[in-house]
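Asks: I'll drop the sequence and a predicted model, then ask my questions.
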Amino acid sequence: MIAIFVSAASLLASAQGHAHVHGHAELALALDAQGGLYVEFATPMDNVYGFEREPRTDAERAHVDQVNATLTDASAWLDLGRAECTFEPGEIETESDHGHGNLRVTLTASCEDADRMNVNLENLFTHFAGLEEVDLVVLSPTQQQGFELSPSSPSVRIGR
């Protein structure tokens, strides 16, 4: 599974090297043969916080805490259908450079029936109205696929 994780991280790292685009995000799902899942979500901070800097007020700090709680709880925004995945709490990293801030969420899970995985991001688009498009990459021992999801087309069938 380590090789798949490294591949997913490498894909998102190279994707993050592209232009910083508001409304756009990248999501990588890397699945191993035993049902282990690694998830990485990357986006400009503006898409989820509404700004790309450190919070300045108590209200902004509370908002960031609420957004972070949502993003680190995969069940709040990532529906994997009938794959029966159990997630560990996620981690968030942020970075700012020349007025542009980016956020990366990493999550891990164990999936009982990964062959039945579907990806639905409807809740993500509902929580974060500034998101217009998510590029999804799915890696597994048997496939590597890419998809573009949006509020009007928030889901894709991965498994059977």
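Replies: Sure, I can see it. Residues are numbered from 1 along each chain as shown.
Asks: Quick check: Glu93 touching Thr72?
Replies: No - assessed by C-beta atoms under 8 Å, Glu93 is found out of contact with Thr72, at 11.4 Å. (Glycine included, C-beta is placed from N, CA and C.)
Asks: now the strands for the protein?
Replies: Per DSSP state E, the chain carries strands over the ranges 24-31, 36-44, 79-81, 85-87, 91-97, 100-111, 117-120, 133-139, 144-149, 155-157.
Asks: In the fifth one, which of the residues would be classed as buried?
Replies: Buried residues in strand 91-97, counting neighbours by 16 or more other C-beta atoms under 10 Å, are found at Ile92.
Asks: what's the offset of that strand from the middle of its chain?
Replies: Distance of strand 91-97 from the chain centroid (C-alpha atoms, centre = their mean, to the nearest Å) equals 14 Å.
Asks: Check the third one too.
Replies: On the basis of C-alpha atoms, centre = their mean, the separation between the geometric centre of strand 79-81 and that of its chain is 13 Å.
Asks: for it, packing partners?
Replies: strand 117-120 (3 or more C-beta pairs under 8 Å, 6 or more residues apart in numbering; DSSP states H and E).
Asks: helices and strands around the strand it packs on, which ones?
Replies: Short answer (3+ C-beta pairs under 8 Å, 6+ apart): strand 117-120 packs on strand 79-81, strand 155-157.
Asks: That one: which residues count as buried?
Replies: For strand 117-120, by 16+ other C-beta under 10 Å, it's 117, 119-120.
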